[in-house]
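Trainee: can't give you the sequence, but here's the structure:
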């Protein structure tokens with residue numbers, strides 16, 4: 001507060017209601033008027049007497065107030081959002097802040113006497129853009145409107161919560177001055193995604209609609225050709241470059257070649273003199289899904305578990321199932337005429353030669369080769385696997401009997417062979433399937449429902465197991481005596497799984513408590529069809545909440561090692577992996593640069609898309625006065641560019657005067673004060689008024705009687 005001041009003023013404190021005082025004044029005026037009309041003597045003295053009476057009743061007082069002036073307040077708001085980190089904006093903002101604060105405390109501070117400066121910062125607001133006025137409103141809650149001399153905002157002009165320019169005056173009529181850390185209006189080029197599908201069908205293509213826009217330019221000036229080069233890269237593959245017209249939507253076809261996320265990055269060539277190339281690129285993640293899974297199920301000898309396979313596969317609406325059951329083997333001859341047989345002929349040639357590669361998965365359930373399939377067709381199945389196909393075999397005693405597939409051309413892709421023939425190759429005793437140590441790290445059997453590492457599993461018993469030898473691949477589950485039960489293997493480009501028991505149907509029937517039959521078979525089938533989430537040797541990466549998480553999954557027990565991470569701007573760093581559970585190891589780094597991040601362990605490479613932490617902040621990177629100009633004009637403020645002149649000079653102005661010029665900004669004096677004392681002196685006390693009234697009345701009477 002400033003020094004105290006004494007202010008004197010004339011005030012009235014009527015002794016009667018105002019309406020009564022007005023009525024008396026009217027009667028007095030009427031009486032004086034009649035006397036004047038009749039030209040009576042003593043009318044002047046009578047009028048003076050009436051005037052003194054009315055004045056006395058009005059209660060005139062001389063009031064003296066002692067006031068203590070309050071200092072005015074100027075609010076300085078510093079924008080510290082992401083867009084202010086571009087170029088020298090943050091540096092210029094800091095210099096302007098220092099210059100303004102120096103004026104408040106420097107040699108010329110006397111010219112700003114009675115002014116208080118409060119400074120606030122505007123932090124990053126998540127994905128809501130720059131919330132400049134939200135921060136200003138919070139600060140104004142502690143500042144009386146009568147003391148606010150003005151608001152000074154240091155910002156690039158990209159503000160996303162501007163109050164309406166209509167209605168009540170903003171901030172009580174205080175001027176808004178904007179200081180922009182740039183030389184003048186800037187230009188910017190950006191890539192904007194118009195539409196992008198979240199998923200695509202494997203084997204087909206999706207369309208991305210994008211547009212390259214030049215902001216703050218005049219057509220044909222900076223870009224006479226009106227076009228830009230758009231570079232497209234998918235999952236680190238070789239790039240392709242297109243020349244696209246600026247300002248027009250373009251449809252880009254992206255093929256989906258595999259299941260799982262496909263990361264697509266698009267980058268436009270730089271615009272000469274643009275503010276920043278940060279928003280010249282855009283990243284889209286498309287999740288590849290399979291449209292329909294075509295599964296061929298061939299059931300051999302009928303058994304209780306045959307319906308289990310059909311029920312499981314038909315329950316999935318995404319599965320197209322082709323199921324054949326061999327009910328009548330060729331060696332059976334009961335003299336039934338062919339015209340009385342109602343059986344469908346087994347389309348051997350169509351399935352195993354013409355259309356075999358149209359299937360995503362082939363399941364052989366207790367199938368034995370009794371002359372049904374010539375060797376050439378079994379060889380076709382083996383080639384189908386080597387070329388990328390998936391084969392699942394569930395076997396029973398027939399695998400150790402005559403006509404076993406282990407003695408056919410299919411043996412070359414099998415992960416195990418029978419250990420003996422006939423009864424010697426089959427174990428018939430009760431046992432509970434166990435997950436092997438390797439199986440605890442494999443995604444097929446990792447955390448299988450009902451499995452406990454140090455206790456008996458919560459699932460039912462089986463009663464038959466085909467003993468295996470010459471095992472190749474990974475043994476994920478075992479039976480009595482650690483004999484292999486579930487074996488999986490990679491063969492060429494394809495995969496094969498062998499279940500050495502035909503008793504899994506007991507789990508689906510709830511025998512002895514049942515078990516995770518559906519979940520286990522689902523995982524096996526998806527692993528065979530190369531679903532990315534079930535790869536046992538995999539490197540994955542994802543960006544969430546500004547953090548890049550890299551996970552390496554491996555069935556090996558070796559130390560996890562480290563990964564090399566490449567940021568979107570090309571900087572590389574090596575990060576050690578931290579061991580976790582079930583063969584997983586994780587590394588995390590801050591992903592503060594939008595674009596495609598790459599991680600590699602030397603063998604596998606993973607990609608992750610990092611969007612902008614605040615998309616509104618990078619949507620337009622220009623330093624511009626266009627957005628704030630209407631509000632600044634309405635409040636009577638000014639806009640100043642900090643290059644090359646630096647911060648303007650602060651001046652105090654009187655209310656109603658101009659609030660700024662080319663190199664200065666005005667902060668009006670508000671004159672707010674606090675009343676500290678009041679003294680009142682009656683100007684016509686009773687002891688003066690009564691004698692005066694009587695004296696004037698006597699003079700009027702004597703004049704009338706003269």
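Mentor: On my side now, so go ahead. Just so it is clear, the structure is predicted and the values come from calculations on it, not from any experiment.
Trainee: what is the burial count for residue 239?
Mentor: 12 (other C-beta atoms under 10 Å). For glycine as for every other residue, the C-beta is placed from the backbone atoms N, C-alpha and C.
Trainee: isn't it up against residue 231?
Mentor: Yes: between residue 239 and residue 231 there is a contact at 5.1 Å, judged by C-beta atoms under 8 Å.
Trainee: quick one: the helices in the stretch 251-400 of the chain?
Mentor: 306-314, 348-349, 375-386 (DSSP state H, counting those that start in this stretch).
Trainee: can I get those helices in a markdown table with distance to residue 534, mean pLDDT and mean neighbour count?
Mentor: As requested, those are exported to a markdown table (distance: least, C-beta to C-beta, whole Å; pLDDT from 0 to 100; neighbours: other C-beta atoms under 10 Å):
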| stretch | distance to residue 534 | mean pLDDT | mean neighbour count |
| --- | --- | --- | --- |
| helix 306-314 | 17 | 77 | 17 |
| helix 348-349 | 32 | 78 | 12 |
| helix 375-386 | 18 | 90 | 18 |
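Trainee: which one of these lies nearest to residue 122?
Mentor: Nearest to residue 122, of all the helices of the stretch 251-400 of the chain, is helix 306-314, at 58.2 Å by C-beta to C-beta.
Trainee: output the contacting helices and strands for the closest one.
Mentor: Here helix 306-314 touches strand 293-299, strand 319-325, strand 361-365, helix 505-508, helix 517-528, going by 3 or more C-beta pairs under 8 Å, 6 or more residues apart in numbering; DSSP states H and E.
Trainee: that helix vs strand 361-365, what angle?
Mentor: 170 degrees (axes from the mean of the first three to the mean of the last three C-alpha atoms, to 10 degrees).
Trainee: ok, residues contacting helix 306-314?
Mentor: With C-beta atoms under 8 Å, 6 or more residues apart in numbering as the test, helix 306-314 has contacts from 295, 297, 299, 319, 321, 323, 325, 363, 365-366, 394, 504-505, 508, 517-518, 521.
Trainee: repeat that for stretch 236-248.
Mentor: Stretch 236-248 is contacted from outside by 211-214, 223, 226-233, 250, 252, 596, 598, 605, 607, using C-beta under 8 Å, 6+ apart.
Trainee: out of those, which are buried?
Mentor: Among these, those classed as buried by neighbour count (16 or more other C-beta atoms under 10 Å) are 211-214, 223, 228, 230, 232-233, 252, 596, 598, 605, 607.
Trainee: so what are the domain limits for this protein?
Mentor: Per automatic domain parsing, the domain ranges recorded for the chain read 7-66+682-705, 71-184+623-671, 188-217+224-286, 293-528, 537-610.
Trainee: looking at these, which is closest to residue 616?
Mentor: Comparing these under C-beta to C-beta, the one sitting nearest is domain 71-184+623-671, at 3.3 Å.
Trainee: any idea how far apart the tips of that closest one sit?
Mentor: Start and end residues of domain 71-184+623-671 are separated by 8 Å (C-alpha to C-alpha, to the nearest Å).
Trainee: mind checking how far that domain is from the chain centre?
Mentor: Put simply, domain 71-184+623-671 sits 30 Å off its chain's centre (C-alpha atoms, centre = their mean, to the nearest Å).
Trainee: quick one on the thing from earlier: just flag the most distant two among the buried ones among the contacts of stretch 236-248.
Mentor: Maximum distance among the buried ones among the contacts of stretch 236-248 (C-beta to C-beta): 35.8 Å, for 223 and 605.
Trainee: quick one, helices of this protein?
Mentor: 18-37, 43-58, 89-105, 132-140, 306-314, 348-349, 375-386, 505-508, 517-528, 615-619, 629-635, 686-705 (DSSP state H).
Trainee: for residue 486, find the nearest of those.
Mentor: With C-beta to C-beta as the criterion, residue 486 lies closest to helix 517-528 of the helices of the chain, at 7.6 Å.
Trainee: quick one: the closest one to strand 361-365, angle?
Mentor: Using the same axes, to 10 degrees: helix 517-528 against strand 361-365 is 130 degrees.
Trainee: packing partners of helix 517-528?
Mentor: helix 306-314, strand 390-394, strand 484-491, strand 494-499, helix 505-508.
Trainee: got a markdown table for these, with distance to residue 680 too?
Mentor: Output for the helices and strands packed on helix 517-528, formatted as a markdown table (distance: least, C-beta to C-beta, whole Å):
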| stretch | distance to residue 680 |
| --- | --- |
| helix 306-314 | 99 |
| strand 390-394 | 102 |
| strand 484-491 | 102 |
| strand 494-499 | 102 |
| helix 505-508 | 100 |
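Trainee: worst average pLDDT in the ones you listed?
Mentor: Across those, helix 306-314 has the smallest mean pLDDT, namely a mean of 77.
Trainee: now that one against strand 319-325, angle please.
Mentor: Computed with the same axes, to 10 degrees, the direction of helix 306-314 lies at 160 degrees from that of strand 319-325.
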